[in-house]
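Trainee: have a look; sequence and predicted model below, questions after that.
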Amino acid sequence: MSTLANLSRNDETVIRLDGVSVVFPVYQAGSRSLKKRILFHGSRGNIGRDANDKVVVAALSDISLAITAGDRLALIGANGAGKTTLLRTLAGIFEPVEGEVKSRGRISPLLDINLGIDAELNGYDNIRVRAMLLGLSTAEIERRLPEIAEFTELGDYLDMPVRTYSAGMMLRLCFAVATCFEPEILLMDESILTGDARFIAKAEARIQSFIEEASVFVLASHNLELIKRWCNKGLWLDRGRIRMQGPIEAVVEEYRKFVSAR
């Protein structure tokens with residue numbers, strides 16, 4: 001059984017994974033149409049059965065990894081390679097069925113922009129709820145509330161239920177809360193960077209300042225130029241397994257060759 005635990009203070013490693021595997025059960029796998037889909041995708045090597053003969057998807061398989069202070073790690077790979085699953089495992093959202101995850105420091109996950117949002121509450125109350133989920137105290141939240149509200153640029157809309165917000169307004173609200181304190185470990189999925197160009201430029205500038213301050217930064221992205229700009233190490237995932245890891249330039253080059261060859 002895997003746990004999220006503290007590392008020794010004498011160890012420069014901030015996050016360590018030892019033999020981590022994550023699987024998801026496939027329910028109602030007895031239906032004929034689902035069986036066909038499973039057989040079709042089975043050649044990818046990540047569909048199988050567990051000890052109880054249940055159909056499962058092996059999202060991550062035997063991942064061992066050490067992330068040390070100062071690492072800016074890019075997760076590279078095709079859709080379905082396991083990048084987002086690995087991010088969520090690092091954040092403690094998914095629990096491995098095998099292996100162990102250890103970390104040291106406060107984690108700020110920029111993964112699911114809608115996490116902790118109540119459509120019936122107004123913007124201010126959602127800021128408070130989401131900030132509590134990130135581990136901020138009531139006093140910290142109230143102290144940071146004016147700054148968070150200003151960064152959203154939502155003005156009077158913060159007094160309205162968020163069900164009235166557009167997708168872009170929701171992004172502004174959630175991004176402002178998720179970045180309202182300097183994290184020690186920043187985990188980010190590139191998919192959150194969607195919206196109007198002006199706000200995205202503002203968001204990227206804020207993230208850049210966080211990258212400079214954070215002990216560890218982990219980014220899952222398809223944007224190879226962004227990866228090279230923000231990261232110094234790369235981890236190439238393929239079908240839930242590590243295919244290559246090392247300096248970012250070397251990993252990106254090999255990944256590009258692989259994609260071109262295909």
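Mentor: Perfect, thanks for sending it.
Trainee: which residues of the stretch 51-200 of the chain fall in strands?
Mentor: 55-68, 72-76, 98-103, 107-110, 185-189 (DSSP state E, counting those that start in this stretch).
Trainee: deepest-packed of the ones you listed, please.
Mentor: Mean neighbour count (mean count of other C-beta atoms under 10 Å) peaks for strand 72-76 among the strands of the stretch 51-200 of the chain, with a mean of 25. For every residue, glycine as well, the C-beta is placed using N, CA and C.
Trainee: and that strand with strand 185-189, angle?
Mentor: Relative orientation of strand 72-76 versus strand 185-189 (axes from the mean of the first three to the mean of the last three C-alpha atoms, to 10 degrees): 30 degrees.
Trainee: how many neighbours does R239 have?
Mentor: R239 sits with 17 neighbouring residues when counted by other C-beta atoms under 10 Å.
Trainee: would you mind measuring from it to S103?
Mentor: 25 Å (C-beta to C-beta, to the nearest Å).
Trainee: in the stretch 1-150 of the chain, where is pLDDT below threshold?
Mentor: Applying pLDDT under 70 to the stretch 1-150 of the chain picks out residues 1-11, 27-54, 113, 115.
Trainee: ranges for the helices of it?
Mentor: Under the criterion DSSP state H, counting those that start in this stretch, helices of the stretch 1-150 of the chain are mapped to 32-42, 83-90, 123-133, 138-152.
Trainee: out of those helices, flag the one nearest S21.
Mentor: Across the helices of the stretch 1-150 of the chain, S21 has its closest neighbour in helix 83-90 (9.8 Å, C-beta to C-beta).
Trainee: what about that closest one, distance to the chain center?
Mentor: 6 Å (C-alpha atoms, centre = their mean, to the nearest Å).
Trainee: give the other helices and strands that it contacts.
Mentor: strand 13-25, strand 55-68, strand 72-76, strand 98-103, strand 107-110, strand 185-189, strand 216-220 (3 or more C-beta pairs under 8 Å, 6 or more residues apart in numbering; DSSP states H and E).
Trainee: M160: which of the strands of the stretch 51-200 of the chain is closest?
Mentor: strand 107-110 (24.5 Å).
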